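Trainee: okay, sequence plus prediction incoming.
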Amino acid sequence: MTAGSAKALALPLAVLATFELWARATHLQSDSLAPPSDIVVALFGAFADLSILAATRDTLFSAFAGLAIGTIIGLAFGIAFGISDTLNRLMEVTVEAIRPIPSIALLPIALIALGFGYRMEIVIVAFACVWPILILSRAAVRSIEPRLMEVARALRLPPAQRVWKIIIPAALPRIFVAFRLSAGIALIVAVTVEIAINPLGLGAGIMLAQQALRPDLMLAYLVWIGAIGYALNVLLVVAQNRLFGRAALSGADR
């Protein structure tokens with residue numbers, strides 16, 4: 001562990017230690033709070049009975065499936081809008097009218113159409129993930145160096161090869177930034193859907209713990225969700241830096 005990492009951990013560890021001492025000194029009795037030590041014990045208990053691992057599997061399956069579908073749809077439309085000014089102008093009002101709709105607002109429609117389970121959750125996650133991919137990939141395509149497009153025209157590349165050999169490689173660093181953003185959104189939306197209505201995954205585990213008056217277990221689930229989100233972001237940042245280097249940094253800054 002570096003000195004910088006130790007300094008970054010110092011404040012949260014101090015806060016946790018202070019809260020632990022306060023909770024023990026006051027004999028904390030609460031339906032919403034628990035001492036950090038009790039949260040750790042509850043987390044290990046959830047691992048021991050495999051309940052949190054099963055819930056993690058359900059949530060990550062829905063989140064990653066929705067992310068994959070949303071990425072494919074968003075990337076296809078984003079590239080199309082970036083290439084064609086006419087298509088971009090025709091669809092601008094439609095996109096800007098639909099994009100602000102909260103994904104959770106689709107729950108009643110999705111529940112009627114698809115019922116409980118994976119399908120409903122995947123559709124809502126995919127809807128939420130489409131927009132960052134679409135908007136940022138469109139911007140990435142439109143910011144490609146014009147000389148690259150001139151080379152494609154000079155080589156008389158057909159549209160499919162122009163997209164595959166010129167546009168996607170040039171726009172990929174910024175598209176990956178959009179994918180990172182959408183990955184976080186996918187996890188958030190999946191857990192939110194489970195808390196709101198879908199009886200599976202980590203969100204449902206939080207609700208069951210709350211209904212059982214187990215604040216230690218409820219907070220243990222929250223800690224675990226935070227750990228998953230942090231690990232996912234670290235993996236994507238490492239992949240981004242390994243794959244694109246300085247291009248990834250410039251893509252993120254634009």
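Mentor: Looks like it arrived, so ask away. Numbers count the residues shown, from 1 in each chain.
Trainee: what pLDDT, on average, does whichever strand or helix holds Gly184 get?
Mentor: Under the criterion of DSSP states H and E, Gly184 resides in helix 168-196. Averaging pLDDT along helix 168-196 yields 92.
Trainee: go on, stretch 98-107?
Mentor: Across stretch 98-107, pLDDT averages out at 90.
Trainee: pull up the distance across that stretch, start to finish.
Mentor: When the termini of stretch 98-107 are compared using CA to CA, to the nearest Å, they are 15 Å apart.
Trainee: tell me how far Ile185 lies from Val123.
Mentor: For Ile185, the distance to Val123 (CB to CB, to the nearest Å) stands at 14 Å. C-beta coordinates here come from the backbone N, C-alpha and C atoms, glycine included.
Trainee: burial check on Leu219, number of neighbours?
Mentor: By other CB atoms under 10 Å, the residues close to Leu219 number 21.
Trainee: who touches it in this structure?
Mentor: Neighbouring residues of Leu219 by CB atoms under 8 Å, 6 or more residues apart in numbering: Leu33, Ala34, Ile39, Ala42.
Trainee: buried ones among the residues you listed?
Mentor: For those, a burial check counting by 16 or more other CB atoms under 10 Å picks out Ala34, Ile39, Ala42.
Trainee: which residues in the stretch 151-254 of the chain form strands?
Mentor: Shown for the stretch 151-254 of the chain, no strands are assigned by DSSP state E, counting those that start in this stretch.
Trainee: quick one, helices of it?
Mentor: 159-162, 168-196, 201-211, 215-244, 246-253 (DSSP state H, counting those that start in this stretch).
Trainee: using TSV, lay out the ones you listed together with distance to Leu60.
Mentor: Formatted as TSV, the helices of the stretch 151-254 of the chain follow (distance: least, CB to CB, whole Å):
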stretch	distance to Leu60
helix 159-162	33
helix 168-196	8
helix 201-211	8
helix 215-244	8
helix 246-253	24
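Trainee: about what we covered before: and the buried ones among the contacts of Leu219 as CSV, adding distance to Thr94, secondary structure and pLDDT?
Mentor: Below are those laid out as CSV (distance: CB to CB, whole Å; DSSP: H, G, I helix; E, B strand; the rest coil; pLDDT from 0 to 100):
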residue, distance to Thr94, secondary structure, pLDDT
Ala34, 48, coil, 87
Ile39, 46, helix, 93
Ala42, 47, helix, 95
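Trainee: closest to Thr59 among the residues you listed?
Mentor: Taking CB to CB as the measure, Ala42 is the one of the buried ones among the contacts of Leu219 closest to Thr59, at 18.1 Å.
Trainee: which one of the buried ones among the contacts of Leu219 sits closest to Thr26?
Mentor: Closest to Thr26, out of all of the buried ones among the contacts of Leu219 and judged by CB to CB, is Ala34, at 12.7 Å.
Trainee: pretty sure the closest one sits against Leu213.
Mentor: No - if you go by CB atoms under 8 Å, Ala34 and Leu213 don't touch, sitting 10.9 Å apart.
Trainee: in the protein, which helix or strand is least confident?
Mentor: Least confident helix or strand, the chain: helix 246-253 with a mean of 53, by mean pLDDT, DSSP states H and E.
Trainee: re the thing from before, so which of the helices of the stretch 151-254 of the chain is nearest Ile135?
Mentor: With CB to CB as the criterion, Ile135 lies closest to helix 168-196 of the helices of the stretch 151-254 of the chain, at 7.7 Å.
Trainee: circling back to that earlier point, between the helices of the stretch 151-254 of the chain, which one is closest to Ala65.
Mentor: In terms of CB to CB, the element of the helices of the stretch 151-254 of the chain nearest to Ala65 is helix 168-196, at 9.1 Å.
Trainee: all good on my end, thank you.
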